[in-house]
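# Fold the stuff below for me.
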Amino acid sequence: MAIRRGVGLVVTILILGIAISAGGMLVMLMLVGREPTVASNSVLTLRVEGDLDEIAADNVFGALVSAKRPTVRGLVDNLRKAKADNRISSVIIRPGNLTSAYWAKLQEVRDAILDFRTSGKQAIGFLEYGGTREYYVATGCDRIFLAPPSPLDLTGLASYALFLRGTLDKIGATADFQHIGDYKTAPNQLTQKTFTPAHREMEESLNNDFFDQLVQAVAVSRKKSVEDVKALIDDGPYLPENALHAGLVDVVAYEDQIEEKVTLAKTKTFSRLDAESYSKVSLESVGLGKGPRIAVIYAVGLINSGRSGYDPLNGPVVGSDTIVEYIRKARKDSSIRAIVLRIDSPGGSSIASDVIWRELMLARTGTQSRPVVASMSDLAASGGYYIAMAAPDIVAQPGTLTGSIGIYGGKIVTGGTYEKLGMSIEAISRGKNAEMNSPVRPFNESERQKLKEELQAFYGQFVEKVAQSRKMKPEAVDAIAQGRVWTGRQAKQLGLVDVLGGLDRAVALAKERAKIAPSQNVELVTYPPRRSLFDVLSESFGGGVDERAEVAALLGFADRKAIGALTAPLRLFRRGEPLALMPMGYMQ
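The predicted structure is shown next:
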């Protein structure tokens with residue numbers, strides 16, 4: 001009897017603890033959801049930092065902490081609200097520690113700053129550290145402040161490609177890959193020790209175009225000629241006073257000195273407001289976000305079959321099952337007037353990409369058809385471009401990496417590694433090609449021919465679909481395809497992209513196609529949707545921490561990408577599966 005009472009007491013305590021925890025979580029969520037009071041003459045401070053994710057991290061406390069990790073859309077929406085909000089007198093933009101390797105998201109935020117300024121309100125850029133990316137964002141502001149101890153590290157752009165062939169040689173492994181397209185260089189990181197001529201040509205072209213975009217942005221912002229800006233970049237980096245003398249910044253001062261140097265509001269009395277608080281102000285409260293509904297479906301990460309998820313080394317994974325489910329929900333919702341597919345993906349599985357493409361085609365041509373517009377973020381290459389071409393209208397930033405119309409496949413042969421370790425593997429098989437994907441030996445000639453036929457067939461389909469989508473001849477597509485990656489600006493010149501701009505430009509185009517008046521506000525219905533309170537609470541009492549994610553978090557961008565690129569074919573995709581994936585590099 002005493003034992004039963006003891007067990008009952010323990011159970012009661014556990015139930016009570018769970019109830020208290022759930023109640024506490026409810027209270028926190030209610031407090032988080034409450035809109036703050038915004039005083040008149042408020043000065044909004046926005047931090048632009050980190051990787052600039054497209055969507056908030058999907059974790060247990062994502063609903064509570066997402067505001068602390070700025071997303072591209074969160075930053076843009078805060079600037080849109082501040083532009084329309086009479087209580088906001090100006091904004092201070094603080095770019096810092098921008099770790100993204102790419103440029104399109106930076107351009108999207110910079111465009112939003114420029115749009116904010118059309119309200120007549122001023123945007124002040126403050127650089128605690130003046131790196132190239134941070135400076136680029138700040139050039140969207142009226143004036144640029146640089147902290148006294150910081151150099152202006154404006155030195156140009158350098159891109160890096162990592163080659164792992166030498167590492168594989170040392171451990172007795174071999175990368176046995178086939179590719180279609182001279183510029184389909186994704187397997188080069190495993191099969192080569194340095195650039196091939198085509199690979200180098202492509203990297204130089206990308207670097208040159210990004211550099212020109214940087215120079216032009218600085219030239220317009222600082223009212224200088226392109227030649228002068230190029231000369232200034234060649235003289236960098238700059239000590240703070242030298243940057244001021246060169247006209248690259250306006251004031252050398254600490255952040256607390258900004259109000260002494262510039263008038264932030266119409267009166268001397270104003271309040272400071274941080275982005276985390278202002279994120280809780282709804283679009284509706286400032287006259288935005290109500291009206292006809294447009295679905296925005298996010299396809300962020302490597303494309304694979306199955307459900308969407310997260311890989312600690314490669315980041316988000318776009319699952320074809322999940323995206324198809326979202327497209328069908330949007331198509332069946334009679335209140336949805338148009339669909340915008342927001343893509344930030346280097347590609348991945350060719351099969352999964354085709355499955356998503358097919359569902360998008362049904363969405364725009366079936367019985368429940370909707371206008372479909374593609375909006376490209378940092379990356380929409382290979383499989384990422386494959387799903388974009390289902391849309392008649394494709395929007396990209398000048399810095400979006402796109403194209404890479406090509407395919408590759410193969411395997412990493414580890415038989416030599418086993419031998420070095422004193423191990424051996426023997427196979428028993430029936431069927432001429434049963435051991436085609438054996439990890440122990442390379443392809444034989446018959447198997448290699450089979451792989452090449454499969455890759456060539458998919459490449460032909462890829463080119464044909466691009467030709468139909470872009471109203472081009474297959475021969476013309478093939479000439480600019482070959483696996484080559486282009487910037488968004490180059491892609492527009494080639495006819496692979498229709499319009500340059502960000503998500504707001506894509507939404508405007510979707511409104512036009514859906515016959516919604518340009519001045520009419522719309523409500524954006526996003527997929528994946530925000531998780532419900534039940535989901536947050538239920539997950540908080542189950543599951544554990546992914547130790548792989550903790551290890552990956554300790555790695556720098558280049559290290560994470562290198563390990564991810566080496567292991568992705570083994571971990572994420574089916575053995576032998578053809579991949580529509582762009583080459584992995586990074587730029588400083």
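
# Let me see the ranges of the helices in the stretch 301-450 of the chain.
Per DSSP state H, counting those that start in this stretch, the stretch 301-450 of the chain carries helices over the ranges 320-332, 350-365, 383-388, 415-420, 445-470.

# I'd like the next helix or strand past the last one.
It stands for helix 445-470. Per DSSP states H and E, the first helix or strand lying C-terminal to helix 445-470 is helix 474-480.

# Adjacent strands (with direction) for the helix or strand following that following helix?
Next along the chain after helix 474-480, taking DSSP H and E as the criterion, comes strand 485-487. The strands beside strand 485-487 in its sheet (DSSP bridges) come out as strand 401-403 (antiparallel).

# tell me the mean pLDDT for the partner strand?
Strand 401-403 carries an average pLDDT of 96.

# How far off centre is it?
Averaging C-alpha positions (CA atoms, centre = their mean, to the nearest Å) puts strand 401-403 13 Å from its chain's average.

# circling back: out of the helices of the stretch 301-450 of the chain, indicate the one that is most buried.
helix 383-388 (a mean of 32; mean count of other CB atoms under 10 Å). Bear in mind the C-beta positions are built from the backbone N, C-alpha and C, glycine included.

# Using CSV, write out every CA atom in it.
Extracted as CSV, the C-alpha positions of helix 383-388 are listed here (Å, rounded to 0.1, in the frame of the first residue of the first chain):
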residue,chain,number,x,y,z
GLY,A,383,17.4,21.2,-59.9
GLY,A,384,16.6,24.6,-58.4
TYR,A,385,16.2,26.1,-61.9
TYR,A,386,14.4,22.9,-63.0
ILE,A,387,11.5,23.6,-60.7
ALA,A,388,11.6,27.3,-61.5
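
# got a list of contacts for that helix?
For helix 383-388, contacts defined as CB atoms under 8 Å, 6 or more residues apart in numbering pick out 299, 303, 341, 343-350, 352-354, 356-357, 360, 374, 376, 380, 394, 402-405, 462, 465, 496, 579-582.

# one step back: please produce TSV containing the helices of the stretch 301-450 of the chain, extended by distance to residue 284.
Shown next, in TSV, are those (distance: least, CB to CB, whole Å):
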stretch	distance to residue 284
helix 320-332	21
helix 350-365	27
helix 383-388	31
helix 415-420	59
helix 445-470	36
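
# Among these, which comes closest to residue 246?
helix 383-388 (39.1 Å; CB to CB).

# can you tell me the average pLDDT over that closest one?
Per-residue scores along helix 383-388 average to 97.

# who's in contact with residue 466?
Residue 466 touches 389, 405, 472, 477, 481, 496, counting by CB under 8 Å, 6+ apart.

# most surrounded residue in these?
Within those, neighbour counts (other CB atoms under 10 Å) peak at residue 405, which reaches 30 neighbours.

# which one of the contacts of residue 466 is nearest residue 230?
For the contacts of residue 466, the nearest to residue 230 is residue 496 (28.2 Å; CB to CB).

# So the closest one sits against residue 404, correct?
No - assessed by CB atoms under 8 Å, residue 496 is found out of contact with residue 404, at 10.5 Å.

# who are the neighbours of the host helix or strand of residue 201, in terms of helices and strands?
Assigned by DSSP H and E, residue 201 falls within helix 197-222. Helices and strands touching helix 197-222, by 3 or more CB pairs under 8 Å, 6 or more residues apart in numbering; DSSP states H and E, are helix 132-138, strand 159-161, helix 226-235, strand 485-487, helix 488-494, strand 585-587.

# Roughly how far does residue 170 sit from residue 416?
10 Å (CB to CB, to the nearest Å).

# ok, now residue 464?
Distance of residue 464 to residue 416, given as CB to CB: 40 Å.

# With residue 264 instead?
66 Å.

# do the same with residue 83
Distance of residue 83 to residue 416, computed by CB to CB: 61 Å.

# Then residue 38?
Residue 38 is 65 Å from residue 416, by CB to CB.

# Quick check: nearest residue in space to residue 168, chain neighbours excluded?
Once flanking residues are discounted, residue 168 sits nearest to residue 175: 6.1 Å by CB to CB, 6 or more residues apart in numbering.

# Same question for residue 139.
Closest residue to residue 139 apart from its sequence neighbours, by CB to CB, 6+ apart: residue 221 at 3.8 Å.

# cool, residue 55 as well?
Nearest non-adjacent residue to residue 55, counting by CB to CB, 6+ apart: residue 298, 5.3 Å away.

# quick one, domains of the chain?
Using automatic domain parsing, the domain ranges for the chain come out as 39-155+236-284, 289-423+436-587.

# Can you list the low-confidence ranges for the stretch 251-400 of the chain?
Applying pLDDT under 70 to the stretch 251-400 of the chain picks out residues 265-269.

# neighbours around residue 48, how many?
Counted with other CB under 10 Å, the neighbours of residue 48 add up to 25.

# So which bits of stretch 40-48 are buried?
Using 16 or more other CB atoms under 10 Å as the test for burial, stretch 40-48 gives 41-48.

# now swap in stretch 283-295 and tell me
283, 286, 288-289, 292-295.

# before we move on, what about stretch 182-195?
For stretch 182-195, by 16+ other CB under 10 Å, it's 182-192, 195.

# These: which two are farthest apart?
182 and 190 (17.3 Å).

# which stretches of the protein aren't confidently modelled?
Short version for the chain, where the test is pLDDT under 70: 1-34, 57-68, 265-269, 531-572, 574-576, 583-588.

# which ones are touching the spatially most central residue of it?
Central residue of the chain (CA atoms, centre = their mean): residue 344, 4.2 Å from the mean position. Neighbouring residues of residue 344 by CB under 8 Å, 6+ apart: 54, 298-301, 376-380, 384.

# which residues in the stretch 51-200 of the chain form helices?
Taking DSSP H, counting those that start in this stretch, the helices of the stretch 51-200 of the chain run over residues 62-65, 72-84, 104-117, 132-138, 165-170, 188-191, 197-222.

# Of all those helices, which one comes closest to residue 236?
So among these, helix 132-138 is nearest, using CB to CB, at 8.7 Å.

# picking that back up, as TSV, the contacts of residue 344 with distance to residue 234 would be great.
Listed next are those as TSV, based on distance: CB to CB, whole Å:
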residue	distance to residue 234
54	34
298	40
299	40
300	37
301	37
376	32
377	31
378	27
379	30
380	32
384	35
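
# Disregarding residues adjacent in the polypeptide, which is nearest to the residue nearest to the centre of the chain?
residue 377 (3.8 Å).

# same check, this time on residue 398
Closest to residue 398 by CB to CB, 6+ apart is residue 489, at 4.1 Å.

# Give me the neighbour count for the one you found.
18.

# That one and residue 499: what is the separation?
The value you get for residue 489 to residue 499, if CB to CB is used, is 12 Å.

# measure residue 283 to residue 289 for me?
Relative to residue 289, and taking CB to CB, residue 283 is found at 3 Å.

# meant to ask about residue 369, not that
Counting by CB to CB, the gap from residue 369 to residue 289 is 25 Å.

# Surely residue 416 touches residue 173?
Yes - counting by CB under 8 Å, residue 173 is a contact partner of residue 416 at 6.2 Å.

# residues contacting residue 75?
So residue 75 contacts 46, 48, 52, 109, 112, 275 (CB under 8 Å, 6+ apart).

# Which residue, other than its chain neighbours, is closest to residue 82?
Nearest to residue 82 is residue 88, by CB to CB, 6+ apart, at 4.3 Å.

# repeat for residue 435
In space, residue 435 is closest to residue 429, 5.1 Å off (CB to CB, 6+ apart).
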